[in-house]
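Novice: please find the sequence and the predicted model below.
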Amino acid sequence: MADKLPKSTKVKMTSVDDLFKLHDGSEDAKEQVKVLELSQLHSFERHPFKVLEDEKMQDLIDSVREYGILNPLLVRPRTENEYEMISGHRRKFASEKVGLSTAPCIIREMSDEEAIILMVDSNIQREELLYSEKAYAYKMKLDAMNRQGKRNEKTPSQIGAKSEDTTSSQFGVKSGFRSDVALAEQVGESKSQIHRYIRLTELLKSLLDRVDSRQIPFGVGVELSYLTLTEQETLLKIMDNLSVVPNLAQATKMKQLSKEKKLDETGMELLLSQEKPLPAAFKLERKKLNNYFPQNFSEEQKEQVIYDLLRKWSNENGYSQDN
């Protein structure tokens, strides 16, 4: 198959264990573990992963308070006595919350591309990532891999073999090495799905936030990403005025009209007015709910209790629709 990556050019995703593994005691070891002031540590530029004060963060804060930082942060020198964090943003946040002023860090020299790839690899394995986090992480890593690939074109021996395929890929890499194929294999996604995620980076933040919160389905968000920024702004206004969310058919139609330069505000309103208004949002405050559950209850356990109680109440009052 054309997309099959030659064995000599496969790139393996860095495992968490390998990420934090120091060199042995050889003379050419360039890494060191050093305790650094938190004030010396700076966030990675365009870091796509959010640091949220959720239950998992509270667990980390409790752990750091009791045991300290068990795994050192990974940083690279930025300027004299200042460092850029590659991995460890959540651990730094937790440390600040409990009043620590220092943290153990692995100091590693690396290029921009190496830093981006390690930063993404060390975070992408986390569960429950937002669509936006995956989108920007995939884009950053793919761009970095492409830049590495372009340099490797000049020295084919560095990637294992000369390439017979000199056709330019859609990313401009003229070699048999396809970064998008390698990335897809590494993260367990299809190549097309990788590009669907990356399309989301073309959305306005307000629209992308609604994809993250699942107000807008993922597939609809992908289709809407093909609209111009001006068209997206108009769409947001209409969505709010009509209290509607485009379905996949409507989003696809708008994408086609935009491509033909026939999409205007009137057309959007006519298209979206066919959708039933959304019911008023119904929200339960997490803080209030947590008062009724043990601290060690997971979200799934809380949800099950709530459904069980609702089922009991519904049965007792004759509202049950259970068969």
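Specialist: Happy to help now that I have it.
Novice: and the residue nearest the centre of the chain, what is it in contact with?
Specialist: In the chain, the residue lying closest to the centroid (C-alpha atoms, centre = their mean) is residue 133, at 1.9 Å. Shown in contact with residue 133 (C-beta atoms under 8 Å, 6 or more residues apart in numbering): 48, 49, 50, 123. C-beta here means a position set from N, CA and C on the backbone, and glycine is covered the same way.
Novice: quick check: the farthest pair among these?
Specialist: Pairwise distances across the contacts of residue 133 (C-beta to C-beta) peak at 10.2 Å, for the pair 50 and 123.
Novice: which of the two has more neighbours?
Specialist: residue 123 (19 against 13; other C-beta atoms under 10 Å).
Novice: show me what contacts the more buried one?
Specialist: Contacts for residue 123 (C-beta under 8 Å, 6+ apart) come out as 49, 87, 133, 137.
Novice: shouldn't the last one be within a strand?
Specialist: Just to be clear, that refers to residue 137. No - applying DSSP: H, G, I helix; E, B strand; the rest coil, one finds residue 137 to be helix, outside a strand.
Novice: for the nearest residue to residue 209 once chain neighbours are set aside, give its distance to residue 228.
Specialist: Take residue 209 and drop its neighbours on the chain: the residue closest to it by C-beta to C-beta, 6 or more residues apart in numbering is residue 132, 7.7 Å away. Separation of residue 132 from residue 228 (C-beta to C-beta, to the nearest Å): 20 Å.
Novice: in the stretch 101-250 of the chain, which spans are helices?
Specialist: For the stretch 101-250 of the chain, the helices defined by DSSP state H, counting those that start in this stretch occupy 112-124, 131-154, 179-187, 191-199, 205-212, 218-224, 229-242, 248-259.
Novice: any idea of the angle the last one forms with helix 229-242?
Specialist: This points to helix 248-259. 140 degrees (axes from the mean of the first three to the mean of the last three C-alpha atoms, to 10 degrees).
Novice: average model confidence for helix 248-259?
Specialist: Averaging pLDDT along helix 248-259 yields 96.
Novice: off-centre distance for stretch 114-125?
Specialist: 11 Å (C-alpha atoms, centre = their mean, to the nearest Å).
Novice: let me fix that, I meant to ask about stretch 251-271.
Specialist: 29 Å.
Novice: and the contacts of that stretch?
Specialist: Contact with stretch 251-271 is made by 219-220, 223-224, 226-228, 231, 234-235, 238, 242, 246, 250, as judged by C-beta under 8 Å, 6+ apart.
Novice: what about burial for these, which qualify?
Specialist: Buried subset of those (neighbour count, 16 or more other C-beta atoms under 10 Å): 220, 223, 224, 226, 227, 231, 234, 235, 238, 246, 250.
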